[in-house]
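# Could you look at this predicted model? Sequence included:
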Amino acid sequence: MSYYGHHNWPPVWISLHEREDRISRNEADVLMEVRKSEIRTDGIVLIMKYNENLYWSILTFADMAFFNEMFYLMRESIGQSIQHIGDIDLSYTI
């Protein structure tokens, strides 16, 4: 997936705690929460748990129909590993 030519998967994860700054593009551990961004109308906020720490990322989409499909796919993927979500074949689900 990409946003105006820039890859947005795997996401860049940023710590919600001060213990670590970021996890880069790690696909480790579990998706905990998904919500639409309150700041960007084209963004989906993801919350992941890794090593007892919470991390967030935002996925952005230029196409609003695809944005909505991805939002519902991510909501259905809560509790699954980030790697598993990244392995989903979108040609069959969307």
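Sure, I can see it. Residues are numbered from 1 along each chain as shown.

# measure stretch 56-70 end to end?
17 Å (CA to CA, to the nearest Å).

# now do stretch 45-58
4 Å.

# Quick one: distance of that stretch to the chain centre.
Averaged C-alpha coordinates place stretch 45-58 at 9 Å from its chain's average position (CA atoms, centre = their mean, to the nearest Å).

# Would you mind listing the buried residues in that stretch?
Across stretch 45-58, burial judged by 16 or more other CB atoms under 10 Å covers V45, L46, I47, M48, Y50, Y55, S57, I58. Glycine gets a C-beta too; all of them are placed from N, C-alpha and C.

# Quick one: mean pLDDT over it.
Mean pLDDT, computed over stretch 45-58, is 90.

# Contacts for it next, please.
Applying CB atoms under 8 Å, 6 or more residues apart in numbering, the external contacts of stretch 45-58 come out as 11-17, 19-20, 22-23, 26, 28-37, 40, 43-44, 59, 74, 82.

# Go again with 10 Å.
Residues from elsewhere that reach stretch 45-58, judged by CB atoms under 10 Å, 6 or more residues apart in numbering: 8-17, 19-20, 22-23, 25-40, 42-44, 59, 74, 77-78, 81-82, 85.

# related to what we said a few turns ago, nearest to D89 among the buried residues of stretch 45-58?
For these, the closest approach to D89 (CB to CB) belongs to L46, at 19.5 Å.

# Quick check: beta-bridge partners of the closest one?
V34, S57 (DSSP bridges).

# going forward, begin numbering at 162 instead of 1
Done: numbering now begins at 162, and the last item shifts to L207.

# Now do the buried residues in the helix or strand where F227 lies.
F227 is part of helix 225-237 when elements are defined by DSSP states H and E. Residues of helix 225-237 classed as buried: F228, M231, F232, L234, M235 (neighbour count, 16+ other CB under 10 Å).
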